[in-house]
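**Student:** I'd like to go over a predicted model; first the sequence, then the structure.
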Amino acid sequence: MPANPELKQKVEELLGSHQVFLFMKGTPEMPRCGFSMRVVGVLDQLGVEYGAVDVLPLLDPLREVTGELADWRTFPQLYVNGELVGGSDIVEEMFESGELADLVGTDQPERAEAAAPQAPANPQQSPPLQVD
């Protein structure tokens, strides 16, 4: 079954309007799964601005959209410059190696450890996705 075209367009607009964008369960201030919390922790340590959206209200339709866009249906999903980077394991590996800092154009923290966030930064969370 093809993805909802309106939702797909909104997702593409979100990806195009943010250098770094996270599809996650919950919000950066209140992640609703450990994997999402881990990615938020990495992004907070990098100090990078990012957009984020809670996938839970539209979980299955968003799985269809991201499946078509990047052949990836699990969340969280981190995108940089409109391209899928990956889920929490890939993001953590890239963070620990310094590759993620290079990709997003920030300095690697001296002590880079993938861990849960201490206090959320000030991400620019997008409003919930809605399809009429």
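**Tutor:** All right, it came through fine.

**Student:** now the strands for this structure?
**Tutor:** 20-24, 51-54, 77-80, 83-86, 124-125 (DSSP state E).

**Student:** columns mean pLDDT on top of those, output as TSV?
**Tutor:** Formatted as TSV, the strands of the chain follow (pLDDT from 0 to 100):
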stretch	mean pLDDT
strand 20-24	95
strand 51-54	94
strand 77-80	96
strand 83-86	95
strand 124-125	51
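
**Student:** quick one, which of those strands is packed in tightest?
**Tutor:** strand 20-24 (a mean of 25; mean count of other CB atoms under 10 Å). Using the backbone N, CA and C atoms, a C-beta is placed for each residue, glycine as well.

**Student:** for residue 2, see how far away the spatially most central residue of the chain is.
**Tutor:** In the chain, the centroid-proximal residue (CA atoms, centre = their mean) is residue 22; its distance is 1.6 Å. Separation of residue 22 from residue 2 (CB to CB, to the nearest Å): 25 Å.

**Student:** equivalent analysis for residue 25, please.
**Tutor:** Shown here: residue 25 relative to residue 2, a distance of 24 Å by CB to CB.

**Student:** which one of these two has more residues nearby?
**Tutor:** residue 25 (17 against 8; other CB atoms under 10 Å).

**Student:** for that one, give me its contacts.
**Tutor:** 31-33, 35-36, 54-56, 75-76 (CB atoms under 8 Å, 6 or more residues apart in numbering).

**Student:** with residue 100 instead?
**Tutor:** Neighbours of residue 100 in contact, by CB under 8 Å, 6+ apart: 42, 46, 85, 91, 94.

**Student:** can we see that at 7 Å?
**Tutor:** Listed by CB atoms under 7 Å, 6 or more residues apart in numbering, the contact set of residue 100 reads 42, 46, 91, 94.
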